[in-house]
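# quick one: sequence and predicted model below, then my questions.
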Amino acid sequence: MNERVLVADDDPNITDVCRRYLEREGYLVTTAKDGLEALELWRSQSPSLIVLDLMMPHKNGWEVCSEIRQTEDLPIIMLTARGEEQDRLMGLTMGADDYLTKPFSPRELVLRVQAILRRMRYVQVSPATAAEHTIKYEGLTIDVGKRTVEISGQAIDLTVTEFEMLYLLASHPGQVFSRTQMLSKIWDFSYEGDTTTVTVHIRRLREKIEQTPSDPQYIKTVWGIGYKFAGDGI
């Protein structure tokens, strides 16, 4: 597998348990005890995914996530205290792909890591069929093979989860997806998280691809149900 996971938490018991469970599944694991060390290891070791505690010394998880997001769309799973909804929402708003509340099952963490990394590598498109895996709408181009998105010819940086959301909706134009359906399809396993996760990711996605996020051209809200993609393919 040779995929490296960086686990950053100031509680050595948590980093030790996470390391053992992830290594058992074949991942290379590096641990950090604070935000500064997490950033140093991110720069030096280029992990495939980061498990990031929100409350750490020197630099907290929000600061680390924000700094990483300035240059890379690396998958990030946030660890938050139970019941701290505002922390979860802020983490998702700043670019986290997923979150777990403490105390959590190490096996559930492994499932989350596997699901996100599987989504990153599931599309393997040959040059001969690349055109068939490009979705085009007015002003919007999604290259599924390269996992890139352009708005009016300008490249847009999306996280793994944002790309999956856009691809799901754009590949089924007009179909309405409930938030629960989107959790199930995108997170790729029985997800017990709050559907607010979907709402936050949709808001972030609109801010990146819509000219006027409050009056979206592409991703429409179907009140009381969920979302759909509006538009005719080119």
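Received it, and whenever you're ready, just let me know what you need. Residues are numbered from 1 along each chain as shown.

# can you give me the helices for the chain?
In the chain, the segments counted as helices under DSSP state H are 12-24, 35-45, 61-69, 85-93, 106-121, 160-170, 179-187, 196-209.

# got JSON lines for those, with distance to Pro75, mean pLDDT and mean neighbour count too?
Where C-beta positions appear, they are placed from N, C-alpha and C, glycine not excepted. JSON lines is the format used below for the helices of the chain (distance: least, Cβ to Cβ, whole Å; pLDDT from 0 to 100; neighbours: other Cβ atoms under 10 Å):
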{"stretch": "helix 12-24", "distance to Pro75": "14", "mean pLDDT": "95", "mean neighbour count": "16"}
{"stretch": "helix 35-45", "distance to Pro75": "12", "mean pLDDT": "96", "mean neighbour count": "18"}
{"stretch": "helix 61-69", "distance to Pro75": "10", "mean pLDDT": "90", "mean neighbour count": "20"}
{"stretch": "helix 85-93", "distance to Pro75": "13", "mean pLDDT": "70", "mean neighbour count": "18"}
{"stretch": "helix 106-121", "distance to Pro75": "5", "mean pLDDT": "86", "mean neighbour count": "17"}
{"stretch": "helix 160-170", "distance to Pro75": "5", "mean pLDDT": "90", "mean neighbour count": "22"}
{"stretch": "helix 179-187", "distance to Pro75": "12", "mean pLDDT": "84", "mean neighbour count": "18"}
{"stretch": "helix 196-209", "distance to Pro75": "13", "mean pLDDT": "89", "mean neighbour count": "19"}
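
# closest one to Gly231 among those helices?
With Cβ to Cβ as the criterion, Gly231 lies closest to helix 160-170 of the helices of the chain, at 8.1 Å.

# which strands and helices sit next to that closest one?
Other helices and strands packing on helix 160-170, by 3 or more Cβ pairs under 8 Å, 6 or more residues apart in numbering; DSSP states H and E, are helix 106-121, strand 134-137, strand 140-143, helix 179-187, helix 196-209, strand 226-229.
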